[in-house]
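Asker: coords please:
(chains A, B, C and D)
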Protein chains: 2
Amino acid sequence: MRSIEKRVELLRVIAHPVRIRLLEELTKGVKCVSDLEEFLEISQPNVSQHLAILRQYGVIDYYMDGRLRCYFLKDPIIPDILEILKKDYIEELPAPACCPVTKKGKYPGRREVQRR
Amino acid sequence: MRSIEKRVELLRVIAHPVRIRLLEELTKGVKCVSDLEEFLEISQPNVSQHLAILRQYGVIDYYMDGRLRCYFLKDPIIPDILEILKKDYIEELPAPACCPVTKKGKYPGRREVQRR
DNA sequence: CATTTATATTCAAATATAATAATATTTGCA
DNA sequence: TGCAAATATTATTATATTTGAATATAAATG
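Answerer: Prediction:
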C-alpha cells in the first residue's frame, strides 16, 4: 500500500487542469508531444514541463519513434481515479443520526445538521 | 459529471497529508474538533483551518452537539477515492506495442521503450 | 556536416499554499 | 451576568507552484 506521502504526491501531480486533461487524453492511447500541444492548446515548452512532472513521479513514460517522443500511461491507478472523478454521485452521504462516537460527545442537545 | 475545474479542485483539497488523514478518520465516523486535534497531533487552529477548507469545498459538514462541532463526510466520492488510493496495483500498464495512433507517427524506427 | 524538426531545460516573475502566533467568537454553565 | 471550554479567524512569514521567455539538445534529412 502506498504511504500517505505517496498518495498525496500522486494526487498533487494529477490535480492540475492541464495534467488531468493530458492524462484523460493518454487513457485513449499513445500521443506524441506535438499531438498533445495541439490538443491542450498551450505552448510546447509548457507541455514538456507538465510531461516532465508526470514522468518524474512515474505516472507516464515514453518511447522514441524517430524524433517523436510517444508518451503513454504507466501507473495503473490513473484510469481508475479518472473514472471515479467522472462518475455521478446523486446523493450526499447521510448525516449521522444521533449519539455519535466522539470522545467528548455526551451532550443531550439538538442534533439537527446546522446550515450556514 | 463534474467539470475539469471541479475535479481538480477536489483533488487539490484532498491532496494534503493532514487532510487525507483527517478524511480517512472521518470515514470511520463522526469526530469533533478536539478528537481530531488529538488524532492528527497538530495545533487546534490548524485543525480548524483544514476543516474550513474541506467544508468550503463541500467535502464535509458538521452538526452542533452542545459546544462541540461534530464533523462528518458529506461528499460520497471521498470513500471511493480513499479506497482506490490504498489499493495495491501490482503491474505497470503495458507499454503500447507498435504503430501507435499518433498524428505524426509514421516513422519506421525502433519502438522499444527507452530507459534513462 | 549544416539545417530543420521535435522536444527539453533553465530562469525569473507572479501567484498560491501552509504553518504559526495571536486573537476572536460561541456556547453552556455557575 | 460572567467565566471557561471549544472552536474559528486573521495576519504574517515561509515555501512551493506555475507560467512565459529564452535557450539548449537530439535526431533525421538534404
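Asker: Show me which residues of the helix or strand hosting A:Leu82 are buried.
Answerer: Using DSSP states H and E, A:Leu82 maps to helix A:77-86. Buried residues in helix A:77-86, counted by 16 or more other Cβ atoms under 10 Å in any protein chain shown: A:Ile77, A:Ile78, A:Asp80, A:Ile81, A:Leu82, A:Leu85. Where C-beta positions appear, they are placed from N, C-alpha and C, glycine not excepted.
Asker: would you turn those residues into TSV with distance to DNA strand C and pLDDT?
Answerer: Compiled in TSV, the buried residues of helix A:77-86 are given as follows (distance: Cβ to the nearest atom of the strand, whole Å; pLDDT from 0 to 100):
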residue	distance to DNA strand C	pLDDT
A:Ile77	21	97
A:Ile78	18	98
A:Asp80	24	97
A:Ile81	19	98
A:Leu82	21	98
A:Leu85	18	97
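Asker: if we can go back for a sec, by contact count, what packs against the helix holding A:Leu82?
Answerer: In terms of contacts (3 or more Cβ pairs under 8 Å, 6 or more residues apart in numbering or on different chains; DSSP states H and E), helix A:77-86 is packed against helix A:4-14, helix A:17-27, helix B:4-14, helix B:77-86.
Asker: In three-state terms, label A:Tyr62 for me.
Answerer: Look at A:Tyr62: counting by DSSP: H, G, I helix; E, B strand; the rest coil, its state is strand.
Asker: For DNA strand C, see how far away it is.
Answerer: 6 Å (Cβ to the nearest atom of the strand, to the nearest Å).
Asker: Residues in a beta bridge with that residue, which ones?
Answerer: Applying DSSP bridges to A:Tyr62 gives these bridge partners: A:Tyr71.
Asker: which residues are contacting the helix holding A:Leu82?
Answerer: Identification of contacts with helix A:77-86 by Cβ atoms under 8 Å, 6 or more residues apart in numbering or on different chains yields A:10, A:14, A:20, A:23-24, A:27, A:59, A:73, B:1-2, B:7, B:10-11, B:77, B:80-81, B:84-85, B:87, B:89.
Asker: Please convert the buried members of these into ChimeraX selection syntax.
Answerer: The following ChimeraX command selects only the buried members of those, with burial defined by 16+ other Cβ under 10 Å:
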select /A:10,14,20,23,24,59,73 /B:7,10,11,77,80,81,85
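Asker: tell me which parts of chain A are close to DNA strand D?
Answerer: Chain A comes close to DNA strand D at residues A:12, A:16, A:18, A:42-43, A:45-46, A:49-50, A:53, A:64, A:66-67, A:104, as judged by Cβ under 7 Å from any atom of the strand.
Asker: got these as a markdown table, with neighbour count, pLDDT and secondary structure columns?
Answerer: Putting the residues of chain A next to DNA strand D into a markdown table (neighbours: other Cβ atoms under 10 Å in any protein chain shown; pLDDT from 0 to 100; DSSP: H, G, I helix; E, B strand; the rest coil) gives the following:
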| residue | neighbour count | pLDDT | secondary structure |
| --- | --- | --- | --- |
| A:Arg12 | 17 | 98 | helix |
| A:His16 | 17 | 98 | coil |
| A:Val18 | 18 | 98 | helix |
| A:Ile42 | 15 | 96 | coil |
| A:Ser43 | 10 | 96 | coil |
| A:Pro45 | 9 | 96 | helix |
| A:Asn46 | 12 | 97 | helix |
| A:Gln49 | 13 | 97 | helix |
| A:His50 | 21 | 98 | helix |
| A:Ile53 | 16 | 98 | helix |
| A:Met64 | 15 | 89 | strand |
| A:Gly66 | 15 | 85 | coil |
| A:Arg67 | 9 | 89 | coil |
| A:Lys104 | 14 | 60 | coil |
